[in-house]
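*Asks:* fold the following and give me the result.
(chains A, B, C and D)
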Protein chains: 2
Amino acid sequence: MTKRGLHSRPTDAELEILNVLWARGASTVREVHDVLGARKEMLYTTVLKLMQIMTEKNLVERDESQRAHLYVARAARDVTQGQLLADLAERAFEGSAAKLVMRALSSKQASAEEMGEIRALLDAFERGEDAAGEGGTK
Amino acid sequence: MTKRGLHSRPTDAELEILNVLWARGASTVREVHDVLGARKEMLYTTVLKLMQIMTEKNLVERDESQRAHLYVARAARDVTQGQLLADLAERAFEGSAAKLVMRALSSKQASAEEMGEIRALLDAFERGEDAAGEGGTK
DNA sequence: ATGTAAGTACGAAAGATTTCGTTGACACTA
DNA sequence: TAGTGTCAACGAAATCTTTCGTACTTACAT
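*Replies:* Below you'll find the predicted structure:
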């Protein structure tokens, strides 16, 4: 095993699968494949193999009590998103999350509504409310 | 050549080199290697090879007029940062830059000063000033 | 001239990630 | 019980990325 845990992000393919698991909750390989298949061609066995590897890497947990195994993401979406952001901040923004945010605000325009949400979050922070209420996850 | 241009980000090693080029401006392989060498061990020829590949991929431009070639990043830092953010938003935030920003604000705490800057940027946007003034690049 | 230092070029190995094909197990049906 | 469909498990190929070693060139100082 390589240095899992520190400094490695899920690969692209792994992240696609995690997205499905986060959206659907516990799922079989077939279910994940069907969802992904709607967007890109990918053989069933490819998805299976990836999910087996993800199990080894502890990215997902597998329930083998049924014939069709059930997989669940081990880390919450929030947490992984935070890790990906920290990683990107580190690699491309001199470690500064603030720079990252400002670049995101400058280069992509969010809708007025979204701007409002962002401002509300900022307000909450400045009021010291540890606003862990999580923005978009609801 | 693969589908460069759409949907491919610089690799990790490439990004490290780009960071040096953005910070220093036109640089030789030796100069880049010396800067990187301060952080990680990496043979000179490894850096050279990477920069040759980056030239093929059009990530950098090479001036061969001197014996020690000079390399410059082809895309401005801003632009690449924007692409990396768009890519991450696509892969991990359902394509929503706003969700990305909110997650960044929730999970990493920026300093009060940074929060202020972010707010100012937000204000500028809401006033409709196409605030391209660039937040942190100055 | 000869040696030495600093370059470029490049093939090939080493790693990591992704894809594909085959096999064997198991369940359900006719 | 034979046949069909679905599943897990691999091994192995195909890519992509990164690292390393070697060869060749050029400048410059003995």
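
*Asks:* what about the strands in chain A?
*Replies:* If you assign secondary structure with DSSP state E, the strands in chain A sit at A:60-63, A:70-73.

*Asks:* so the first one, near DNA strand D or not?
*Replies:* Read that as strand A:60-63. No - Strand A:60-63 does not reach DNA strand D (C-beta under 7 Å from any atom of the strand); its nearest approach is 7.6 Å. Every residue, glycine included, has its C-beta placed from N, CA and C.

*Asks:* cool, the last one as well?
*Replies:* No - counting by C-beta under 7 Å from any atom of the strand, DNA strand D is not contacted by strand A:70-73; separation bottoms out at 8.1 Å.

*Asks:* could you say what helices and strands that strand packs with?
*Replies:* Judged by 3 or more C-beta pairs under 8 Å, 6 or more residues apart in numbering or on different chains; DSSP states H and E, strand A:70-73 is in contact with helix A:12-24, helix A:44-56, strand A:60-63.

*Asks:* mind listing the strands the shortest one pairs with, and their directions?
*Replies:* This means strand A:60-63. As defined by DSSP bridges, the strand partners of strand A:60-63 come to strand A:70-73 (antiparallel).

*Asks:* pLDDT on the partner strand, on average?
*Replies:* Confidence over strand A:70-73 (mean pLDDT, whole number) is 98.

*Asks:* now find how far off-centre that strand is within its chain.
*Replies:* On the basis of C-alpha atoms, centre = their mean, to the nearest Å, strand A:70-73 sits 14 Å off its chain's mean C-alpha point.

*Asks:* export the helices and strands packed on strand A:70-73 as JSON lines, with columns for mean neighbour count.
*Replies:* Formatted as JSON lines, the helices and strands packed on strand A:70-73 follow (neighbours: other C-beta atoms under 10 Å in any protein chain shown):
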{"stretch": "helix A:12-24", "mean neighbour count": "18"}
{"stretch": "helix A:44-56", "mean neighbour count": "16"}
{"stretch": "strand A:60-63", "mean neighbour count": "16"}
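
*Asks:* let me have the ones you listed in CSV, adding mean pLDDT and distance to DNA strand C as columns.
*Replies:* Below are those laid out as CSV (pLDDT from 0 to 100; distance: least, C-beta to the nearest atom of the strand, whole Å):
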stretch, mean pLDDT, distance to DNA strand C
helix A:12-24, 98, 4
helix A:44-56, 98, 3
strand A:60-63, 98, 13
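
*Asks:* quick one: closest of those to residue B:89.
*Replies:* Comparison of the helices and strands packed on strand A:70-73 against residue B:89 by C-beta to C-beta identifies helix A:12-24 as nearest, at 12.4 Å.

*Asks:* could you tell me the angle between that closest one and helix A:44-56?
*Replies:* Put simply, helix A:12-24 runs at 90 degrees to helix A:44-56, going by axes from the mean of the first three to the mean of the last three C-alpha atoms, to 10 degrees.

*Asks:* ok, helix A:12-24 near DNA strand D or not?
*Replies:* No - counting by C-beta under 7 Å from any atom of the strand, DNA strand D is not contacted by helix A:12-24; separation bottoms out at 9.9 Å.

*Asks:* what residues does that helix touch?
*Replies:* Residues from elsewhere that reach helix A:12-24, judged by C-beta atoms under 8 Å, 6 or more residues apart in numbering or on different chains: A:9-10, A:27, A:31-32, A:35-36, A:47, A:50-51, A:53-54, A:57, A:59-60, A:71-73, A:77, A:80, B:91-92, B:94.

*Asks:* possible to save the strands of chain A as JSON lines with distance to residue A:18?
*Replies:* Listed next are the strands of chain A as JSON lines, based on distance: least, C-beta to C-beta, whole Å:
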{"stretch": "strand A:60-63", "distance to residue A:18": "8"}
{"stretch": "strand A:70-73", "distance to residue A:18": "5"}
